[in-house]
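Novice: here are the coordinates; sequence isn't available:
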Ligand SMILES: C[S@@+](CC[C@H](N)C(=O)[O-])C[C@H]1O[C@@H](n2cnc3c(N)ncnc32)[C@H](O)[C@@H]1O
């Protein structure tokens, strides 16, 4: 029946559009919008606590996806200002819904390479191995020396890890760096083998 066909189209078209948008942005960034889970968020939070953030610290969650980690950070650090940046529209809008009412969380739909991160007092991210070298160069330009950076699962190969949490979730281990965390020449080779 034509009425049913139109109804099905009205339901399916937006769903298809959202799926296509996820694939397009995943293609652009090379990073799928996978969420960290609660256990992994605890690993990130534990390492940030170790970094003893100042009251009112600004924490950037780069590639905040559906908002899981951003919301968990905002709740764990009520005195901090958590700023999530996500490029992909569908995860971003879902994160906006999830973050409603979380006063110390702000979310922006942007490419983090186009953002000024110079007020960061901490950075977190869960991206992909191929994202890390370009992100390192961005952090080199943006961050004050000593800024804590916590990466979930994918590490910076050529930087010195200050502390880590062995994988308690499904993903790889979580690492804390005090940026720019240079490795000494002796430690640069051979590669540590971390992802
Ligand atoms: C694996 S998800 C992690 C989501 C979230 N951090 C979490 O732990 O639940 C990575 C997200 O980073 C986003 N992303 C990748 N490159 C980006 C960029 N240059 N600017 C903004 N977001 C980006 C992707 O769209 C994806 O949603």
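Specialist: Cool, got the structure. What you see is a predicted model; the values in this text were computed from it and never measured. Residues are numbered from 1 along each chain as shown.
Novice: C-alpha only now, for contacts and for neighbours.
Specialist: Fine.
Novice: chain center to the lengthiest helix in the chain: distance?
Specialist: Scanning the chain for the helix with the most residues, using DSSP state H, yields helix 2-29. Helix 2-29 sits 26 Å away from the centroid of its parent chain (C-alpha atoms, centre = their mean, to the nearest Å).
Novice: and residue 174, backbone torsions?
Specialist: Per-residue torsions, residue 174: phi -110, psi 140 (degrees, to the nearest 10).
Novice: that one against residue 164, yeah?
Specialist: Yes - using C-alpha atoms under 8 Å, residue 174 is in contact with residue 164, at 5.5 Å.
Novice: the two - which one has more neighbours?
Specialist: residue 174 (27 against 18; other C-alpha atoms under 10 Å).
Novice: which residue packs closest to that one, ignoring adjacent ones?
Specialist: Once flanking residues are discounted, residue 174 sits nearest to residue 152: 4.5 Å by C-alpha to C-alpha, 6 or more residues apart in numbering.
Novice: residues contacting the one you found?
Specialist: 40, 44, 124-127, 171-175 (C-alpha atoms under 8 Å, 6 or more residues apart in numbering).
Novice: how close does residue 75 sit to the ligand?
Specialist: As judged by C-alpha to the nearest ligand atom, to the nearest Å, residue 75 and the ligand stand 14 Å apart.
Novice: confidence score at the spatially most central residue of the chain?
Specialist: By C-alpha atoms, centre = their mean, the chain has its centre lying nearest to residue 125, at 3.0 Å. If you check residue 125, the pLDDT there is 98.
Novice: isn't residue 162 up against residue 177?
Specialist: Yes - if you go by C-alpha under 8 Å, residue 162 and residue 177 touch, sitting 5.2 Å apart.
Novice: helix/strand/coil for residue 141?
Specialist: helix (DSSP: H, G, I helix; E, B strand; the rest coil).
Novice: cool, and residue 108?
Specialist: Classified using three-state DSSP, residue 108 is strand.
Novice: dump the residue contacts of it.
Specialist: Taking C-alpha under 8 Å, 6+ apart as the test, what residue 108 contacts is 83-86, 92.
Novice: could you dump the residues you listed into TSV and include secondary structure?
Specialist: Converted to TSV, the contacts of residue 108 look like this (three-state DSSP):
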residue	secondary structure
83	strand
84	strand
85	strand
86	strand
92	helix
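Novice: wait, which of these is closest to the ligand?
Specialist: Of all the contacts of residue 108, the ligand sits closest to residue 86, with 3.8 Å by C-alpha to the nearest ligand atom.
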